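Can you look at this prediction? I've put the sequence above it.
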Amino acid sequence: MPSYEEDLSEFERRNTQVLGISTDQVFSNEAWAKSMGGLSYPLLSDNWPYGHVCAQYGVLRGSGMAERAIFVIDRQGIIRYVDVHDIDEQPPTDKIIEALDRLK
């Protein structure tokens with residue numbers, strides 16, 4: 001997620017809101033973000049009811065962790081792009097930017 005901080009100007013140029021979400025509690029998210037030097041975009045907690053949003057998007061693992069997933073959602077709330085990666089892999093930012101450019 002810190003890499004998205006580095007590319008934030010590219011997202012802003014496309015009038016895009018970056019959000020992070022995890023199944024961790026708010027205080028855990030805050031501590032994690034602080035340990036990374038902070039984030040300038042929201043990091044949301046899907047902790048109660050546990051993993052509800054992640055389950056709705058089909059990315060809640062049986063272990064209770066969320067997959068590393070990227071969703072591009074247009075202004076009408078329609079999912080236009082989905083990229084699910086192994087938890088240890090960084091999804092490629094260029095593919096996300098391409099998906100955003102296709103929304104124009």
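All right, it came through fine.

Tell me the pLDDT of Ile87.
As predicted, Ile87 sits at a pLDDT of 80.

What residues are bridge-paired with Met60?
Careful, residue 60 is Leu and not Met. Beta-bridge partners of Leu60, counted by DSSP bridges, are Ala66.

Isn't it up against Ser22?
No - if you go by CB atoms under 8 Å, Leu60 and Ser22 don't touch, sitting 11.1 Å apart. All C-beta atoms are positioned from the backbone trio N, CA, C, and that covers glycine.

what residues are shared contacts of the two?
The contact sets of Leu60 and Ser22 overlap at Ala66 (CB atoms under 8 Å, 6 or more residues apart in numbering).

separation between Ala99 and Ser40?
Taking CB to CB, to the nearest Å as the measure, Ala99 falls 22 Å from Ser40.

Comparing these two, which residue is more hemmed in?
Legend: neighbour count by other CB atoms under 10 Å for Ala99 and Ser40, higher for Ala99 (16 against 9).
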